[in-house]
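>>> sequence and predicted model, in that order:
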Amino acid sequence: MIRVEHLTKSFNGQVVLDDIDFEVQEGEILVILGGSGTGKSVLLKSMIGLVKPDSGKIWIDGDEITQLAEKELLKIRKEIGYLFQEGALYDFMNVFENIAFPLAEHTDLDKQAIESKVKNILEVVDLEGVERKYPSELSGGMKKRVGLARSIILGSKILFCDEPTSGLDPIRSRDISDLIKNISKKLRCTTVITSHDIRNALRVADRAALIRGGKIVAMGTQAQMEASSDTFVRAFIQ
Amino acid sequence: MALIRLIAYSIAELGNALCFLGDIVRNVLRGRIRKGEVLRQMYEQGVQSVTIIVLTSFATGAVLAIQGAVTLTRFGAKEYIAQLVAWSLVREMSPVFTAIIFSAKAGARITAELGTMNVNDQMLATRSLGVDPIEYLIVPRMIACFLVLPILTVISEVVGIAGGYLVGVFEAHIPSAFYINQTLRAIRYVDFFSGFSKVFFFAVLISWICCYQGFVTRGGSLGVGKFTTKAVAYSIIIVILSNTILTKIIITFWG
């Protein structure tokens, strides 16, 4: 389970996150919605310790991560998959090496076992036959799939996805959203996704939260969001 | 007010850079050295710099001999060209020139690579995958630089002396055996090591500056350009300034 309590973060005096509070239950998919520049990515990065909040607490499966040193955070991050907006693949490694990297770093698997695992995960993300390609040879959607494969290769029980559909056409956006949902449900991952793509976000979400002005202004299921009396929430959803 | 702000910023930057160096030293002392990565970096920083070092060193040695021939002939001391070339190259020019050229080539590459990784979130991705970027990306680059720069300096000295030899023998008409004999007699251990020992300081300074600038790069592609230029400029300035201090110390204690 993930719990965020009174999280606040500002940059150069500008408040980006203002007293954020929410919980994500085990196995749940929560989508954090909001316009561009509303602090969704900062929130997600704070939840994995890549950004230090000014105040507030974050619990990941019982560990309060805001107080942890980088060395301890590195250990916790092995249990969390993180998909970056543009994939953040190492451009000096090919697809195979990118996906194999966490296995080579954190497991004692031999070369054959790693090859087999990478092959399997590429099938899961529907990308067979691209092992030897470099990130510069891949499309935006393919990069995200490879990034997703790399983030789940260790069998993480928590998955964070930062704007997984940004920069993709509607069909690719739907495909990647469905892929994330299927993987989350199959691996029983607790998943948090940030997005401004309302249509695809609501397709995959068990619950959604809407951020505005650094605060969560609405949170609930799709039906609850649609029934909101807040005009901004209804306008955003529609 | 602007000056105070600049001083405060510079002190803060120096503090951050020292903390960064502290992290690197801690990793090295704990034996967190990835040999495969070090070898890859040695190839990229070292082998790929050999051509430019050879070309510039050859030209430097040749120019020293040409100028030496003109000047020393006036005093009837043409036979000392070999000593002039060897001393100049071994004590000063090869260590400093190699460090400067290395800063512009391999140093720029280090900053640009790390900076691009930074602006493309690859550095954050490394941390998100539970891997320390200092250990994985910085330590191998620093160690490779520390190992490669002295080797490049020796190559530069040998090639520079060869450049001087060709001018001395074919242009100044000094007998080949005499030139070689004079060169070998000229270079004492103290001459070689007074220049060579400085290279290790240069290697640490260049790799520290270039890795740090890459590590803190921000601002997209413009930022990569800005921080890379800054890294090369700082490296060259620090090599030249530190050389003055190191030379004075070495001459005082070593001769």
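In hand now; what should we look at?

>>> flag the shaky bits of the stretch 151-255 of chain B, pLDDT-wise.
B:255 (pLDDT under 70).

>>> got it, and the stretch 1-150 of chain B?
In the stretch 1-150 of chain B (pLDDT under 70), no residue qualifies.

>>> and for chain A?
Those would be none, if you go by pLDDT under 70 across chain A.

>>> hey, where'd the helices end up in it?
Along chain A, the stretches classed as helices by DSSP state H are A:40-46, A:70-77, A:95-106, A:111-124, A:140-152, A:170-187, A:198-204, A:222-226, A:231-237.

>>> relative to A:Arg212, which of these is closest?
Of all the helices of chain A, it is helix A:231-237 that lies closest to A:Arg212, at 6.4 Å by C-beta to C-beta. The way it works is simple: take the backbone N, C-alpha and C, and place the C-beta from them, glycine included.

>>> who's in contact with the closest one?
A:Leu33, A:Ile198, A:Leu202, A:Leu210, A:Arg212, A:Val217, A:Ala218, A:Met225, A:Glu226, A:Ser228 (C-beta atoms under 8 Å, 6 or more residues apart in numbering or on different chains).

>>> what sits against the residue nearest the centre of chain A?
For chain A, the residue lying nearest the average C-alpha position, counting by C-alpha atoms, centre = their mean, turns out to be A:Cys161 (1.7 Å). Residues counted as contacts of A:Cys161 (C-beta under 8 Å, 6+ apart) are A:Tyr82, A:Leu83, A:Leu148, A:Ile180, A:Thr191, A:Val192, A:Ile193, A:Thr194.

>>> which residues does the last one contact?
It stands for A:Thr194. By C-beta under 8 Å, 6+ apart, the neighbours of A:Thr194 are A:Val31, A:Ile32, A:Leu33, A:Gly34, A:Lys40, A:Ser41, A:Leu43, A:Leu44, A:Cys161, A:Asp162, A:Glu163.

>>> beta partners for the second one?
Think A:Ile32. A:Thr194, A:Ala209 (DSSP bridges).

>>> which residues does it contact?
A:Lys40, A:Leu43, A:Leu44, A:Val192, A:Ile193, A:Thr194, A:Ser195, A:Ala208, A:Ala209, A:Ile211.

>>> out of these, flag the one nearest to chain B.
A:Leu44 (10.3 Å; C-beta to the nearest C-beta).

>>> neighbours of the residue nearest to A:Asp54 when sequence neighbours are not counted, how many?
Once flanking residues are discounted, A:Asp54 sits nearest to A:Thr8: 5.0 Å by C-beta to C-beta, 6 or more residues apart in numbering or on different chains. A total of 16 residues lie near A:Thr8 under the criterion other C-beta atoms under 10 Å in any protein chain shown.

>>> would you confirm that A:Thr8 contacts A:Asp18?
Yes - contact criterion C-beta atoms under 8 Å: A:Thr8 and A:Asp18 qualify, at 6.0 Å.

>>> which residues in chain B form helices?
B:2-29, B:35-45, B:50-74, B:81-87, B:94-102, B:108-119, B:122-128, B:133, B:139-170, B:176-186, B:189-215, B:220-253.

>>> can you give me how far the fifth one is from the chain middle?
Right, helix B:94-102. 5 Å (C-alpha atoms, centre = their mean, to the nearest Å).

>>> enumerate the residues of chain A near chain B.
Chain A has residues A:45, A:48, A:50, A:70-71, A:73-78, A:80, A:82, A:84-86, A:88-92, A:101-102, A:105-106, A:150 near chain B, with proximity defined as C-beta under 8 Å from any C-beta of the partner chain.

>>> switch to 7 Å and redo it
A:48, A:50, A:74-75, A:77-78, A:82, A:84, A:86, A:88, A:90, A:101-102, A:105-106 (C-beta under 7 Å from any C-beta of the partner chain).

>>> select only the buried ones of those in PyMOL?
With 16 or more other C-beta atoms under 10 Å in any protein chain shown as the criterion, this PyMOL line picks the buried residues out of those:
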select buried, chain A and resi 48+50+74+77+78+82+84+86+88+90+101+102
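
>>> count the residues that sit near the closest residue to A:Arg77 other than its chain neighbours.
Nearest residue to A:Arg77 in three dimensions, chain neighbours excluded: B:Gly130, at 4.4 Å (C-beta to C-beta, 6+ apart). Residues lying near B:Gly130 (other C-beta under 10 Å) number 18.

>>> which ones are touching B:Gly130?
Applying C-beta atoms under 7 Å, 6 or more residues apart in numbering or on different chains to B:Gly130 gives the contacts A:Leu74, A:Lys75, A:Arg77, A:Lys78, A:His106.

>>> go again with 10 Å.
B:Gly130 makes contact with A:Leu73, A:Leu74, A:Lys75, A:Ile76, A:Arg77, A:Lys78, A:Glu79, A:Ile80, A:Pro102, A:Glu105, A:His106, A:Leu154, according to C-beta atoms under 10 Å, 6 or more residues apart in numbering or on different chains.

>>> so how far is A:Leu83 from it?
15 Å (C-beta to C-beta, to the nearest Å).

>>> now swap in B:Ile7 and tell me
43 Å.

>>> what about these two, which has more around it?
Shown here are B:Ile7 and A:Leu83; by other C-beta under 10 Å, A:Leu83 has more neighbours (26 against 10).

>>> give the contact list for that one.
A:44, A:144-145, A:147-152, A:159-164, A:176, A:180, A:193, B:125, B:128.

>>> now do A:Glu23
Contacts of A:Glu23 by C-beta under 10 Å, 6+ apart are A:Met1, A:Ile2, A:Arg3, A:Val4, A:Glu5, A:Leu30, A:Trp59, A:Arg207, A:Met219.

>>> and which of these is nearest to chain B?
A:Ile2 (15.6 Å).

>>> enumerate every residue touching the closest residue to that closest one other than its chain neighbours.
Once flanking residues are discounted, A:Ile2 sits nearest to A:Val24: 4.3 Å by C-beta to C-beta, 6+ apart. A:Val24 makes contact with A:1-4, A:30, A:32, A:47, A:60, A:158, A:190-192, A:206-207, A:209, according to C-beta under 10 Å, 6+ apart.

>>> which among the residues you listed end up buried?
A:2, A:4, A:30, A:32, A:47, A:60, A:158, A:190-192, A:206-207, A:209.

>>> break chain A down into its structural domains.
A:1-79+A:157-167+A:174-238, A:87-155 (automatic domain parsing).

>>> related to what we said a few turns ago, tell me, what's touching A:Thr8 and A:Asp18 both at once?
Common neighbours of A:Thr8 and A:Asp18 (C-beta under 10 Å, 6+ apart) are A:Gly214.

>>> what sits up against stretch B:9-16?
Residues contacting stretch B:9-16 (C-beta under 10 Å, 6+ apart): B:Tyr212, B:Phe215, B:Val216.

>>> ok, so of those, who is nearest chain A?
B:Phe215 (13.8 Å).

>>> what's the closest non-adjacent residue to the most centrally placed residue in chain B?
By C-alpha atoms, centre = their mean, chain B has its centre lying nearest to B:Ala99, at 2.2 Å. Excluding its sequence neighbours, the residue lying closest to B:Ala99 (C-beta to C-beta, 6+ apart) is B:Phe202, at 4.0 Å.
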